[in-house]
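K.L.:
quick one: sequence and predicted model below, then my questions.
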Amino acid sequence: MAKLILSMDGLVLKEILLTKERMSIGRKASNDIQIDNLAISGEHAAVVTILNDSFLEDLNSTNGTLVNGQPAKKHFLKSGDVVELGKYKLKYVTEQAPQAEAADFEKTMVLRPNTLRPPAVAAETPTADARKALDDAQAGRSTPPSGVPAAAPVAAMGAIQILNGASAGRELDLTKTLTSLGKPGVQVAVIAKRPHGYFITHVEGAQFPVLNGRVIDVQAQPLNDHDVIEIAGIKMEFFLKS
Amino acid sequence: MDNTLSSALEIIVRTDSGMVRGHNEDAVFANPNLGLAILADGMGGYNAGEVASGMATMMLSAELETAFSARMPHEIDRVTGQLFAHRCILDKVALTNLAIFSAAESQPQYAGMGTTLVTAVFYDNQVTVAHIGDSRLYRLRGEEFSVVTRDHSLLQEQIDSGMISVEEARFSQNKNLVTRALGVDHDVETEIHDYPVQPGDIYLLCSDGLNDMVEDEEIRLTLQMLTANLELAATQLIQMANDNGGRDNVSVIVIKVLREFPAARGWWSKCMAWYR
């Protein structure tokens, strides 16, 4: 479950678990999170949590709300975000769960219509199904975001240098996942950049690429430093930049 | 001239269990002669997900194969006044839905199983796309790469309502919640649309194991660069998903349109259709 860590002047005051779908923050006692300070509006802000995602909303407060130093009206919270209200800071944290649970969590689940409504509509009593989905989801809440995959970077950047022909001496850095070489319709090969290195594969044409004097087959071949490749009559050297 | 669909379409099918999952809950099917492609991503405990997706592809493919060999998809349905393909797909998906739902109801080990579905039927220079859930169909036409289907998912609803931006959505923890699925209820709401097809188009059906692990831009680059070798393109897409972590099963069906495929509209086929 996600939580907010309330602090002022670097001093942690308390930890607040985001147990409710909507948690209001303000000076008045009616708020879920009360901060009794004159710089805070009566109803200052709210954190809306939908399954595993939380959103911060400023409720038109007098002194405003900052997220990571920037004024925010509405903000999709990511773990580690710092929300500032006056002198008070609220750090949004989602906990890390063991990987096994995380993997299980990523299994697709069906969300039945009307089991979950947008927060604007009053939350209805969840059905058994929804509650289960909710529990399941919260059990593994801390999966690292899978959106931007963090593949281990290739240790050294690869590049090729053309050895003959009109553009001899030209260098090409292999920064993209795929780099194609050759002449379309005649002979094309691609070099794929993978976490554990670079690989060359034949794409089209009757002629196959030549790697260090040997013709390769349809299988991808790993490239080593100073390998010499020949495609459509052009010779080039693959090398790793340090 | 050879006028069959299989000579107009090149179809490559690949599925992989990924780097984390022990088994594959995705199911794929393609029949180039009928211009038919089906992809399903199953869900449910133990192996129920596999059962649901397997039932979806097997049953739907068999039903559609029978139906389209009896009547051409481009014919106008006399009851609804629409294309026969539409009514047929909707009927057969509903039938499949009911079969999965009944199995889930009657067998305790299958309780709660369900599956997403995306299916494409190519005929008469067009494609009819039906989908349920978050499995997608993409199209690459020249430089333009777009998602043809709109996910039936919580995240997509949040994006549509402006709660969350597309950039923020990548970091959402709610990626795995679909709002529609096949086999979880008595009735199913299928989204169905037609799109004109051009020679050179490349279509990609995939499960979320691909688009959650690989960014759209990378998918586009791969399809564009490896147009000449569709098999390699499909292999490369799966490899990229696995290189990026492969947290889910990953399946792709890649379809390249080699030339136009207008329906036969001669007097003979019309007569035949009339007497069927």
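P.N.:
All right, it came through fine.
K.L.:
check contacts around B:Asp201.
P.N.:
Counting by Cβ atoms under 8 Å, 6 or more residues apart in numbering or on different chains, B:Asp201 touches B:Arg139, B:Leu140, B:Arg141, B:Lys256, B:Val257. For every residue, glycine as well, the C-beta is placed using N, CA and C.
K.L.:
got a quick PyMOL command for the buried subset of those residues?
P.N.:
Of the contacts of B:Asp201, the buried ones go into a single PyMOL selection, burial set by 16 or more other Cβ atoms under 10 Å in any protein chain shown:
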select buried, chain B and resi 139+140+256+257
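K.L.:
what about the helices in chain A?
P.N.:
In chain A, helices defined by DSSP state H lie at A:99-105, A:128-139, listed in chain order.
K.L.:
mean confidence score for the last one?
P.N.:
Confidence over helix A:128-139 (mean pLDDT, whole number) is 43.
K.L.:
pLDDT below threshold where in the chain?
P.N.:
Let's take chain A. A:96-107, A:112-155 (pLDDT under 70).
K.L.:
chain B, not that one
P.N.:
Residues of chain B that meet the criterion pLDDT under 70 lie in B:1-3, B:266-276.
K.L.:
try it again at 90.
P.N.:
In the predicted model of chain B, residues B:1-6, B:20-23, B:44-47, B:69-83, B:108-109, B:111-112, B:158, B:161-177, B:247, B:262-276 satisfy pLDDT under 90.
K.L.:
report the central residue of it.
P.N.:
When Cα atoms, centre = their mean is applied to chain B, the residue found nearest the centroid is B:Val118 (2.6 Å).
K.L.:
that one sits in which helix or strand?
P.N.:
strand B:117-123 (DSSP states H and E).
K.L.:
show me what contacts residue 85?
P.N.:
Because you didn't say which chain, this covers chain A. By Cβ under 8 Å, 6+ apart, A:Leu85 lies in contact with A:Ile25, A:Ile35, A:Ala39, A:Ile40, A:His44, A:Ala45, A:Ser61, A:Asn63, A:Thr65, A:Leu66.
K.L.:
sorry, I should have been clearer: chain B.
P.N.:
B:Phe68, B:Pro73, B:His74, B:Val121, B:Tyr123, B:Thr128.
K.L.:
same thing with B:Gly114?
P.N.:
B:Gly114 touches A:Val110, B:Gly42, B:Met43, B:Gly44, B:Ala52, B:Ile100, B:Ala104, B:Ala181, B:Leu182, B:Gly183, B:Val184, counting by Cβ under 8 Å, 6+ apart.
K.L.:
go again with 10 Å.
P.N.:
A:108-110, B:40-44, B:48-49, B:52-53, B:56, B:97, B:100-101, B:104, B:132-133, B:178, B:180-185, B:188 (Cβ atoms under 10 Å, 6 or more residues apart in numbering or on different chains).
K.L.:
need the strands for chain B, in chain order.
P.N.:
With DSSP state E, the ranges of strands along chain B come out as B:9-16, B:26-31, B:36-43, B:114-115, B:117-123, B:126-132, B:136-141, B:144-147, B:177-178, B:191-196, B:202-206, B:250-257.
K.L.:
A:Gly10 is nearest to which of those?
P.N.:
strand B:177-178 (38.0 Å; Cβ to Cβ).
K.L.:
how about stretch A:69-85: buried residues?
P.N.:
A:Ala72, A:His75, A:Phe76, A:Leu77, A:Lys78, A:Ser79, A:Asp81, A:Val83, A:Glu84, A:Leu85.
K.L.:
which of the residues you listed fall within strands?
P.N.:
A:His75, A:Phe76, A:Val83, A:Glu84, A:Leu85.
K.L.:
so what's the fourth one up against?
P.N.:
Shown here is A:Glu84, whose contacts under the criterion Cβ under 10 Å, 6+ apart are A:Asn63, A:Gly64, A:Thr65, A:Leu66, A:Val67, A:Asn68, A:Gly69, A:Gln70, A:Pro71, A:Ala72, A:Leu90.
K.L.:
how about the fifth one: what's its closest non-neighbour residue?
P.N.:
Okay, so that is A:Val67. Counting by Cβ to Cβ, 6 or more residues apart in numbering or on different chains, A:Val67 lies nearest to A:His75, which is 4.7 Å off, once chain neighbours are set aside.
K.L.:
okay, now residue 111: neighbour count?
P.N.:
In the absence of a named chain, this looks at chain A. Per other Cβ atoms under 10 Å in any protein chain shown, the neighbour tally for A:Leu111 reads 24.
K.L.:
nope, chain B
P.N.:
By other Cβ under 10 Å, neighbour count at B:Ala111 equals 13.
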